[in-house]
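Novice: Have a look at this prediction, sequence included:
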4 protein chains.
Amino acid sequence: MDKAGSKRREGLIEKDLRKARRVAVIGGHQPDQESLDIAYETGRRLAESEAILICGGLTGVMEAAARGAKEAGGLTIGILPGTNPEEANPFIDLGLATGLGFNRNSMVVLNAGSVIAIDGEYGTLNEIAFARIYNKKVIGIKTWNIEGIITASSAKEAVELALSAETK
Amino acid sequence: MDKAGSKRREGLIEKDLRKARRVAVIGGHQPDQESLDIAYETGRRLAESEAILICGGLTGVMEAAARGAKEAGGLTIGILPGTNPEEANPFIDLGLATGLGFNRNSMVVLNAGSVIAIDGEYGTLNEIAFARIYNKKVIGIKTWNIEGIITASSAKEAVELALSAETK
Amino acid sequence: MDKAGSKRREGLIEKDLRKARRVAVIGGHQPDQESLDIAYETGRRLAESEAILICGGLTGVMEAAARGAKEAGGLTIGILPGTNPEEANPFIDLGLATGLGFNRNSMVVLNAGSVIAIDGEYGTLNEIAFARIYNKKVIGIKTWNIEGIITASSAKEAVELALSAETK
Amino acid sequence: MDKAGSKRREGLIEKDLRKARRVAVIGGHQPDQESLDIAYETGRRLAESEAILICGGLTGVMEAAARGAKEAGGLTIGILPGTNPEEANPFIDLGLATGLGFNRNSMVVLNAGSVIAIDGEYGTLNEIAFARIYNKKVIGIKTWNIEGIITASSAKEAVELALSAETK
């Protein structure tokens, strides 16, 4: 974590965490390198914007985004399928076990004001659908081409879109 | 229920219900008339093939399919979002309360060998994605155009496809 | 299945299944022989009373009760923790997969008008508590001694109590 | 928040949150004043021990414990039954929506190394049972008298017992 990140992290908890915006980053378990890079930068930019990162807590896009956020001093929450909070990837501050398997997908999006989808297969599609059911804004990069998703072409644009419409 | 339906129903319970094939019919709450007609015919044909109908137990495509199946002497199961089994539509034999809200979607597809999607919005997309996560065959009519769905152009074709690949 | 059982089963599905009473039988995985005998007789008597048996679908008390009900021509439903409907014990007519692990406990009691608890450990206690949360009548035999449980000393008495207060 | 609390809070995020112990406090919605006082002191002492407080996020014991923890500079997580993270009581730092109703009970205890139960009715009994299913240590004050609960007579003793056996 660089100096700005450390400073950000110090300030984080003193702020009212309830007022922090939350953005979910969802996506594939085994993305290509480009998607991993985008996920990392997305996490980084979310932390720099002082948004809390919500994700599924496991590998691939989830881990890259969490690493980016963590390295920039952000707070990262992983909503896990299993019963052990420690199954979270190493960049998750707070791993939350659900014991629900794939049914935990709905919780990932429920706990965010908006959702950024990067790459991904049916699990990601499932989360996108839950997000739309719950009227969450979904921004997509290199992911499912579904009605109701706003397409972004970069991490920068995705984070701006995710945070723009959304004050909480 | 016509005579053939009554006969079918009489025979139903003597058979081993565990050996009956199960097909889920999913779709919109407020479909157009054409979709309702397709759903009705799909339910009817499933019952005529002695398959158990699994659905979400509520209105629209779910109700039309259940009505078709029930009128043809079939067995209909509704997996409900709320906590009251009686919230099922009138054509459901066995309403099962989950108390899970939209999280019950996964159960609709988990309990079928294959899935027929007719019309539908994000809830249907969510169920299609769960079906694909769990490797269930999905047949679609007038619904989401998603990779991994087999398109059918009629109820007849959909039921044949749903039952063909699947012995259980 | 004896002759009366066969006849009962034939008649079962012609009746309106929605009007059938449902009783959940819950209890231990590894009960002693006496508890197994009570569970078996409880299942049998429920079937003879034309009530649908709801249970967790697995071993021990669940299996003994399902066997009793099945042998008497009843209908048995197992609400399963895993994702495969076929993991149900052999006496379950309709195994329903939830993918929820122990979280499926709430569904066992939600789908019954009353609950009979026989033997059991913390899983049974958990279901008793869910039953009381949802205001279901709980009858107990050789089980947790908890406020809000009505104690019965035999399967006969338990089934009478379970069905008495309850018209649905 | 007093000075020690502020200092504690400042230090909190710099520490590895993954290494922080987590203790769940569960209990009634409408406890008497004595139970509220115990819950408050329990939350306070947990924060002073740098443990994260996990609770159900709503009123009564949950709120009193969260207030105690928050005033002492601790971190408080509320696992909520509904779909809106903002339904958490005002002393919850991170409200997590589940959309699962009472099924969220299992998550409250899954995410803690040990559990302190104060007062409470069937919801608390349900959580105690989930805790024991998952092999969590349960300390009870003025609550259900169940096999497998360690009784404490004060908040001080409860917190010591909760933290003693448990390094994570």
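Specialist: Everything's here; your move.
Novice: which residues are contacting the longest helix along chain A?
Specialist: As assigned by DSSP state H, the longest helix anywhere in chain A is helix A:33-48. Applying Cβ atoms under 8 Å, 6 or more residues apart in numbering or on different chains, the external contacts of helix A:33-48 come out as A:5, A:8, A:23, A:25, A:27-28, A:31, A:52-53, A:60-62, A:64-76, A:116, A:118-119, A:141-142, A:154-156, A:158-159, A:162. The C-beta positions use only the backbone N, C-alpha and C, and glycine is treated the same way.
Novice: Would you mind naming what in chain A lies close to chain B?
Specialist: Residues of chain A found near chain B (Cβ under 8 Å from any Cβ of the partner chain) are A:100, A:102-103, A:106, A:122-123, A:125-126, A:128-130, A:132-133, A:144, A:146, A:148.
Novice: hmm, 10 Å instead?
Specialist: By the rule Cβ under 10 Å from any Cβ of the partner chain, the part of chain A lying against chain B is A:100-107, A:110, A:121-135, A:144-148.
Novice: which residues sit in contact with residue A:137?
Specialist: A:23, A:112-116, A:131, A:148-150, A:161-166 (Cβ atoms under 10 Å, 6 or more residues apart in numbering or on different chains).
Novice: now swap in residue A:134 and tell me
Specialist: Applying Cβ under 10 Å, 6+ apart, the residues contacting residue A:134 are A:106, A:109-110, A:112, A:115, B:102, B:122, D:83-84, D:97, D:99.
Novice: Ranking by neighbours, what's the top pick from those residues?
Specialist: Counting neighbours by other Cβ atoms under 10 Å in any protein chain shown, residue A:106 comes out on top of these with 31 neighbours.
Novice: Make sure that residue is actually in contact with residue B:106.
Specialist: Yes - contact between residue A:106 and residue B:106 holds when scored by Cβ atoms under 10 Å: they sit 9.3 Å apart.
Novice: Report the set of residues contacting both of the two.
Specialist: Residues touching both residue A:106 and residue B:106 (Cβ under 10 Å, 6+ apart) are A:100, A:126, B:100, B:126.
Novice: How about the last one: what's its closest non-neighbour residue?
Specialist: Okay, so that is residue B:126. residue A:129 (3.6 Å; Cβ to Cβ, 6 or more residues apart in numbering or on different chains).
Novice: Just the buried positions in the helix or strand that contains residue A:62, please.
Specialist: Element membership for residue A:62, per DSSP states H and E: helix A:61-71. Residues of helix A:61-71 classed as buried: A:61-71 (neighbour count, 16 or more other Cβ atoms under 10 Å in any protein chain shown).
Novice: just stretch A:27-40 next, same as before
Specialist: Neighbour-count burial for stretch A:27-40 flags A:27-29, A:31, A:35-36, A:38-40 (criterion: 16+ other Cβ under 10 Å).
Novice: How are the helices of chain A distributed by residue range?
Specialist: All helices of chain A, identified by DSSP H, fall at A:3-14, A:33-48, A:61-71, A:105-110, A:122-133, A:155-164.
Novice: Quick check: bridge partners of the spatially most central residue of chain A?
Specialist: A centroid search over chain A (Cα atoms, centre = their mean) returns residue A:25, at 2.5 Å, as the residue closest to the centre. Judged by DSSP bridges, the bridge partners of residue A:25 are residue A:116.
Novice: From what I see, it and residue A:69 are in contact.
Specialist: Yes - counting by Cβ under 10 Å, residue A:25 does reach residue A:69; the two are 8.4 Å apart.
Novice: Spit out the residues that contact those two alike.
Specialist: By Cβ under 10 Å, 6+ apart, the residues touching both residue A:25 and residue A:69 are A:42-43, A:46, A:53, A:55, A:76.
Novice: coming back round to it: can you lay out the contacts of residue A:134 as JSON lines showing pLDDT and distance to residue B:88?
Specialist: Shown next, in JSON lines, are the contacts of residue A:134 (pLDDT from 0 to 100; distance: Cβ to Cβ, whole Å):
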{"residue": "A:106", "pLDDT": "98", "distance to residue B:88": "22"}
{"residue": "A:109", "pLDDT": "98", "distance to residue B:88": "28"}
{"residue": "A:110", "pLDDT": "97", "distance to residue B:88": "26"}
{"residue": "A:112", "pLDDT": "98", "distance to residue B:88": "33"}
{"residue": "A:115", "pLDDT": "98", "distance to residue B:88": "32"}
{"residue": "B:102", "pLDDT": "95", "distance to residue B:88": "17"}
{"residue": "B:122", "pLDDT": "98", "distance to residue B:88": "22"}
{"residue": "D:83", "pLDDT": "97", "distance to residue B:88": "23"}
{"residue": "D:84", "pLDDT": "97", "distance to residue B:88": "27"}
{"residue": "D:97", "pLDDT": "98", "distance to residue B:88": "27"}
{"residue": "D:99", "pLDDT": "96", "distance to residue B:88": "21"}
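Novice: Much appreciated, bye for now.
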